[in-house]
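In: Model the following, please.
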Amino acid sequence: MDSEQLIELGQQLRVDAVRAADAAQSGHPTSSMSAADLAAVLLARHLHYDFGRPDHPGNDRLILSKGHASPLLYALYRAAGAIDDEELLTYRRRGSRLEGHPTPRLPWVDVATGSLGQGLPVGVGVALAGKRLDQVPYRVWVLSGDSEMAEGSVWEAVEHAADQHLDNLTLVIDVNRLGQRGPTRHGWDLGAYTRRLHAFGWHTIEVDGHDVDAVDAAFNEARSTTGRPTAVVARTRKGRGVAAVEDKEGMHGKPLKDADSAIEELGGPRFVHVEVQKPHSARSANGARGGQLKLPGYEKGDEVATRNAYGEALAALGTARGDVVALDGEVSDSTRSQFFAKEHPDRFFECYIAEQQLVAAAVGMQTRGYVPYASTFAAFLTRAHDFVRMAAVSRAGINLVGSHAGVAIGEDGPSQMGLEDLALFRAVHGSTVLYPCDANQTAKLVAAMAEGDARSRGVRYLRTSRGATPVIYGPDEEFPIGGSKLLRSGDDDKLTLLAAGVTVHEALRAADLLARDGLPVRVVDLYSVKPVDERAVQTAAERTGCLVTVEDHHPQGGLGDAVAEVFADGRPAPRLVRLAVGNMPGSATEQEQLSASGIDADSIAAAVALLAEKVIVR
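Out: This next block holds a predicted model:
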């Protein structure tokens, strides 16, 4: 396309954004109109993409970080022939693939966007996959708004991209000066952005975002820059082309009041079709297998930390599967992902202390067909909750591992204790939450997390413990997701102890203490916290009439709530007592911590003895 045709394409994209928002009577047309010329040049001259084969390994990737500008993205798809005009006008309607913010319901959308500040971090993950894993010369283009440049996650990504020399990554910043409620922090001061980006090691280009020739030259420069990522910082005008809304405050997130007049002012509807350049021929190596999986096995009675078993099992899984990758947040010596790093350094990614980038990189890599395991302390994953939430919206298949969970970590104190993580991950749509109690169980669950395709896996979370715990299961034992293990049972059981992780061992010791006093109890290991084994819970309730949950977690949202929800649909509910961490811990030894929180063996036994008297009296 020549320059005049590019200008016409930009106008078409603006008209289509106005039309789509008008049909929906909602949306963000003005945010779309500012970036229309940038998008037109990208689609017609620089993007290499086969819309008939969105899974082509050589496709460039386009991530619309400013997801509220979805009308622009859908207008691009119409121009490329991926959707027709009829579908464009279904924007935001129930059942339409064209949602208010893009999601992978559309095959050309890799990740959901709309929570600002996430597009670039995910793009870094995709670019890392291209550079270090696929070794395919596709380019990652991220279109960002200026408002979201205030997000800390953006600067985690900026630093990481420069550190990794991601010259296959281009950030395009649509600096239209206006945010949701008024002017942005830096307005049209392009230098405020370029100075910061340059300080991190980026190549930067300032450009008039409505000059198609200048934009084209900037994109060419970005593609030819080696050794570092490039940011094209473009000055634009929100609502460009319609006098009633151009660069006007108060127009954010609203359809144009007089769409017909605006469309006429823009020159009317157009039907320019773009023959998008096809990707370079490429073959990705991901998915290659290394051999049969040989998980580590541990002898009953041994004392092994579940975090150790995680690292050893992950290394074994990496040997068997070339599509498994590991990421860590500068604590691999503690999480034990260092075992994987030693065996498979080409597939290990150090993300440093940047948990948002850690999770985002995992999301980006899974779009390329990899199976990521990202690990850090359970407490620190709370920083990345929005990325976890959006991963679920993206239908992403990622495995997250939180070590050093609960008060059982001991002397480090409450800042290092994951006491909210089960609640956090249980609340995520379609998530799986696992909490193993011994090494063999951990190894089997690590392998299970890699099963299925990305969408069926969803967000999977494994909670591991710092201290060594007894191995109570044999290496041949199976632990299906959604299952449980019955560890103690008898005809005269007074109640059931339900535990997971470290509290399984405390529950077993409590059961032994109670048995000596003539109070037999059932003990169930609910290693699958979500989905919980409903049948096992119901059976325990029917047999014993009283359930006691014991967890190294706050009372809200954890194991106790998972059990209570089994009876939330009107099923006859047993008596349910929850033992959990209700105090604010300090520094103390592991056993002192468990005792202070009332979840050690002695505390469990005392609570059960008191409860059993009440049950008998009743």
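
In: what stretches of the stretch 251-400 of the chain score poorly on pLDDT?
Out: 282-290 (pLDDT under 70).

In: Quick one: the strands in it, in order.
Out: 303-305, 324-328, 348-350, 371-377, 398-403 (DSSP state E, counting those that start in this stretch).

In: Let's have the ones you listed in TSV, adding mean neighbour count and distance to G598.
Out: C-beta coordinates here come from the backbone N, C-alpha and C atoms, glycine included. Formatted as TSV, the strands of the stretch 251-400 of the chain follow (neighbours: other CB atoms under 10 Å; distance: least, CB to CB, whole Å):
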stretch	mean neighbour count	distance to G598
strand 303-305	17	24
strand 324-328	27	33
strand 348-350	19	39
strand 371-377	27	24
strand 398-403	28	23
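
In: of those, which approaches V242 most closely?
Out: strand 398-403 (41.5 Å; CB to CB).

In: elements contacting that closest one?
Out: helix 306-320, helix 332-335, helix 355-366, strand 371-377, strand 459-463 (3 or more CB pairs under 8 Å, 6 or more residues apart in numbering; DSSP states H and E).

In: neighbouring strands for that strand, and are they parallel or not?
Out: Here strand 398-403 is paired, per DSSP bridges, with strand 371-377 (parallel), strand 459-463 (parallel).

In: would you put the C-alpha positions of the last one in CSV?
Out: C-alpha atoms of strand 459-463 as CSV (Å, rounded to 0.1, in the frame of the first residue of the first chain):
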residue,chain,number,x,y,z
VAL,A,459,-4.3,-22.3,36.3
ARG,A,460,-2.9,-25.0,38.5
TYR,A,461,-1.3,-24.2,41.9
LEU,A,462,0.9,-26.5,44.0
ARG,A,463,1.7,-25.6,47.6
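
In: Would you mind getting the angle between that strand and helix 306-320?
Out: Angle, strand 459-463 to helix 306-320, by axes from the mean of the first three to the mean of the last three CA atoms, to 10 degrees: 130 degrees.

In: what does strand 459-463 contact?
Out: 310, 378, 388, 391-392, 396-402, 405, 418, 421-422, 425, 428, 430-436, 442, 445-446, 449, 501 (CB atoms under 8 Å, 6 or more residues apart in numbering).

In: again, only this time at 7 Å
Out: The contact list for strand 459-463 (CB atoms under 7 Å, 6 or more residues apart in numbering) reads 310, 378, 388, 391-392, 398-402, 405, 421-422, 425, 428, 430-435, 445-446, 449, 501.

In: And the lowest mean pLDDT element among the helices and strands of the chain?
Out: helix 454-457 (a mean of 77; mean pLDDT, DSSP states H and E).

In: Can I get that helix in CSV, CA atoms only?
Out: Extracted in CSV, the C-alpha atoms of helix 454-457 (Å, rounded to 0.1, in the frame of the first residue of the first chain):
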residue,chain,number,x,y,z
ALA,A,454,-3.5,-25.7,27.9
ARG,A,455,-7.2,-24.9,28.2
SER,A,456,-8.1,-28.0,30.2
ARG,A,457,-5.2,-27.4,32.5
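
In: Adding distance to D50 as columns, could you present the helices and strands packed on strand 398-403 in a markdown table?
Out: As requested, the helices and strands packed on strand 398-403 are exported to a markdown table (distance: least, CB to CB, whole Å):
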| stretch | distance to D50 |
| --- | --- |
| helix 306-320 | 31 |
| helix 332-335 | 38 |
| helix 355-366 | 20 |
| strand 371-377 | 25 |
| strand 459-463 | 29 |
